[in-house]
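Q: pasting a predicted model and its sequence here:
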Amino acid sequence: MKTPPPEKPFDPDDPNVDPWADDPNAPKEPGYSDMPDDDIPWSEDDFDDDDDDSGEYEFPPDGDDEDEPTPTPEPTVPPPGVLGPVALFDSQLRGEIEFEILYQQTKAAFQKTVPEPRADLPARVVQGSVLVLLTIWGGLAHGLAGAAAVLAAKILHELGHLIGQWLFGYRERELVNLAFPTRWLPRGGDAGSARRAVVFLLGPLPGLALAFGLQAWAAPALDGVLQFFILILLAFNLAELWIAPACDGARFFERVPLLRGPWPTAVAHALGVGLLAASAAALPGTMLPLLVGLLAALVALGAVRAWRLAKTRQALTNIFEDLPERATDIPDERLRTMLHVVLTLGPDSFEPADLARAMHIVHERVARPAIATPMALSLVATYLFGWLLAIACAGFVVANVERHRSARDALVAAFQATVAADPADRPRLAAECAAVWRAAHPSVRREALRMLDARLAEPPDPPQSVREFANSLKSDAPPHE
């Protein structure tokens with residue numbers, strides 16, 4: 001087709017629209033052709049020799065013609081190869097013309113720019129709600145320092161993505177950013193799979209590395225706010241490292257060729273569900289294991305969806321063999337096939353921009369990332385290193401919590417042993433108990449004092465000597481307590 005597509009979708013029922021009007025090489029309508037009228041098989045004569053001069057028709061017909069059926073005129077079908085508005089009488093040719101116009105418009109939208117996805121309102125609402133709830137929880141548990149710890153963990157995560165996008169000079173359209181204004185992001189178009197995989201990893205890895213470093217530096221005893229900050233860092237970034245829809249781990253899997261198959265996806269989801277189930281079984285209490293178990297169920301449902309997507313990708317790969325990764329390198333024949341697939345799947349809208357967006361989604365799912373095997377292996381190793389950091393940090397947290405509980409119980413036990421001792425041994429045991437309390441970490445001592453206050457408030461009322469001994473232990477506490 002030599003004539004460019006019109007600005008708006010072609011409406012064949014509009015008599016004022018002729019897509020071939022500006023093409024001098026297109027065949028003309030009957031009556032506008034350079035050929036003599038006698039050479040056009042479907043043209044009508046300019047005059048009829050048999051017409052009488054009266055110009056009147058006989059009605060009703062003669063009696064001899066009453067029993068004869070009225071002849072049905074044969075439909076006018078344009079000859080093969082005829083173009084122009086007359087060709088629209090042929091339904092098959094009309095469909096081909098409409099598809100060609102739609103294809104040209106969609107191709108222009110597909111190759112012009114990478115279309116931005118529509119506002120992902122559910123993802124923003126979910127992430128924003130979780131961030132607000134965690135901030136409120138941190139404020140209630142540790143005051144302004146706790147709320148600031150939640151916001152700092154989120155900003156650090158988004159800062160890693162932002163630095164990666166500025167480093168490679170492109171904007172990752174799959175990331176939902178809640179920490180920085182959109183105008184701070186680069187305006188570049190596209191990047192290779194290796195760079196996109198690095199951008200996805202730069203979100204969770206810095207937070208996990210910081211949590212591991214703080215845990216190793218501050219152990220064995222941690223302050224309450226610092227421990228809360230480490231837990232928030234671990235929760236934020238471990239959740240994003242997970243192989244689940246809309247997480248950085250799932251996006252990372254999409255970009256690495258070694259991990260795109262159905263079986264690697266199924267194995268990764270199975271490991272994730274197993275880790276969550278084991279965590280739910282090991283955690284104390286009721287509410288927290290219930291929440292972790294609910295998360296495991298959601299990950300299991302996401303595993304079913306990821307399996308179906310992987311199978312769909314595998315089926316589409318058989319249609320699009322060796323599809324280039326860059327949209328501008330896709331040949332015209334493949335683009336037509338992609339549009340046929342999108343139309344077959346039943347799009348929500350037939351606007352060229354929406355069809356182009358759907359074609360980009362198909363391209364994302366089917367295109368084989370151009371990543372060399374050594375680079376792919378190094379990316380997988382980096383991803384596994386992130387998991388090792390997360391597991392090591394979680395082990396530190398569990399061990400520190402256990403040490404904290406043991407030290408707290410030892411202080412309470414020393415107090416109870418001193419109170420229950422014989423009057424002769426009580427002065428010596430009281431001095432030893434006071435020395436143990438002064439040597440304990442402030443956070444451990446605060447927990448032990450809260451337990452003592454709760455027990456002293458229970459009936460029956462303890463003797464005055466016991467209360468004086470407890471007050472003496474409180475007096476040895478640092479001034480800020």
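A: Perfect, thanks for sending it.

Q: show me where this structure has its strands.
A: Under the criterion DSSP state E, the chain carries no strands.

Q: got any ranges where it has weak pLDDT?
A: 1-90, 113-123, 188-189, 219-223, 476-481 (pLDDT under 70).

Q: cutoff 90 now
A: Applying pLDDT under 90 to the chain picks out residues 1-135, 137-143, 145-146, 167-194, 213-228, 230-231, 234-236, 238-251, 253-373, 390-481.

Q: center of it, which residue is that?
A: Geometric centre of the chain, nearest residue: residue 246, 2.8 Å, by Cα atoms, centre = their mean.

Q: phi, psi for that residue please.
A: phi 70, psi 20 (degrees, to the nearest 10).

Q: any idea how far it is from residue 356?
A: 23 Å (Cβ to Cβ, to the nearest Å). Bear in mind the C-beta positions are built from the backbone N, C-alpha and C, glycine included.

Q: residue 277 now?
A: As judged by Cβ to Cβ, residue 277 and residue 356 stand 42 Å apart.

Q: kindly report the same for residue 175.
A: Residue 175 is 21 Å from residue 356, where distance means Cβ to Cβ.

Q: for residue 460, grab the count of nearby residues.
A: Other residues lying near residue 460 total 5 when counted by other Cβ atoms under 10 Å.

Q: ok, residue 240 touching residue 157?
A: Yes. Between residue 240 and residue 157 there is a contact under Cβ atoms under 8 Å: 6.8 Å.

Q: okay, residue 175 and residue 356: which has more neighbours?
A: Taking other Cβ under 10 Å, residue 175 and residue 356 do not tie; residue 356 has more neighbours (25 against 19).

Q: if we can go back for a sec, can you list residues touching both of residue 240 and residue 157?
A: Taking Cβ atoms under 8 Å, 6 or more residues apart in numbering as the criterion, residue 240 and residue 157 both touch 203, 204.

Q: and residue 339, how many neighbours does it have?
A: Counted with other Cβ under 10 Å, residues neighbouring residue 339 total 21.

Q: contacting residues for it?
A: By Cβ under 8 Å, 6+ apart, residue 339 lies in contact with 102, 103, 106, 355, 359.

Q: and for residue 225?
A: Residues near residue 225 by Cβ under 8 Å, 6+ apart: 142, 145, 146, 149.

Q: how about JSON lines for these, with distance to residue 463 added?
A: Listed next are the contacts of residue 225 as JSON lines, based on distance: Cβ to Cβ, whole Å:
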{"residue": "142", "distance to residue 463": "36"}
{"residue": "145", "distance to residue 463": "39"}
{"residue": "146", "distance to residue 463": "38"}
{"residue": "149", "distance to residue 463": "42"}
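
Q: just the residues you listed now: which is nearest residue 425?
A: Closest to residue 425 out of the contacts of residue 225 is residue 142 (40.5 Å), distances taken as Cβ to Cβ.

Q: doesn't residue 228 make contact with that closest one?
A: Yes. Applying Cβ under 8 Å as the test, residue 142 and residue 228 come out as touching, 5.6 Å apart.

Q: please enumerate the shared neighbours of those two.
A: residue 149.

Q: need the helices for this structure, in chain order.
A: Using DSSP state H, the helices of the chain run over residues 91-112, 121-168, 193-201, 204-218, 224-241, 248-255, 262-282, 287-319, 332-344, 352-366, 373-420, 426-439, 442-456, 464-475.

Q: I'd like to know how far the residue nearest to the centre of the chain sits from residue 362.
A: Note on residue 246: its distance to residue 362, by Cβ to Cβ, is 19 Å.

Q: mind listing what the residue nearest to residue 432 when sequence neighbours are not counted touches?
A: Nearest residue to residue 432 in three dimensions, chain neighbours excluded: residue 414, at 7.4 Å (Cβ to Cβ, 6 or more residues apart in numbering). Neighbouring residues of residue 414 by Cβ under 8 Å, 6+ apart: 429, 432, 433, 436, 437.

Q: let's go with 10 Å and repeat that
A: Listed by Cβ atoms under 10 Å, 6 or more residues apart in numbering, the contact set of residue 414 reads 429, 430, 432, 433, 434, 435, 436, 437, 440, 448, 473.

Q: equivalent analysis for residue 203, please.
A: 156-164, 175, 236-237, 240-241, 247-249, 251-252.

Q: one step back: make CSV from the contacts of residue 225 and add neighbour count and distance to residue 212 to it.
A: Shown next, in CSV, are the contacts of residue 225 (neighbours: other Cβ atoms under 10 Å; distance: Cβ to Cβ, whole Å):
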residue, neighbour count, distance to residue 212
142, 20, 21
145, 16, 21
146, 21, 21
149, 25, 17
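
Q: tell me the one of these nearest residue 291?
A: Closest approach to residue 291 among these (Cβ to Cβ): residue 146, at 19.0 Å.

Q: unless I'm mixing things up, the closest one is touching residue 140, no?
A: Yes. Assessed by Cβ atoms under 10 Å, residue 146 is found in contact with residue 140 at 7.6 Å.

Q: hang on, the earlier thing: residue 204: which of the contacts of residue 339 is nearest?
A: Ranked by distance to residue 204 (Cβ to Cβ), the contacts of residue 339 are led by residue 359 at 30.7 Å.

Q: that closest one and residue 367, how far apart?
A: Taking Cβ to Cβ, one finds residue 359 at 11 Å from residue 367.
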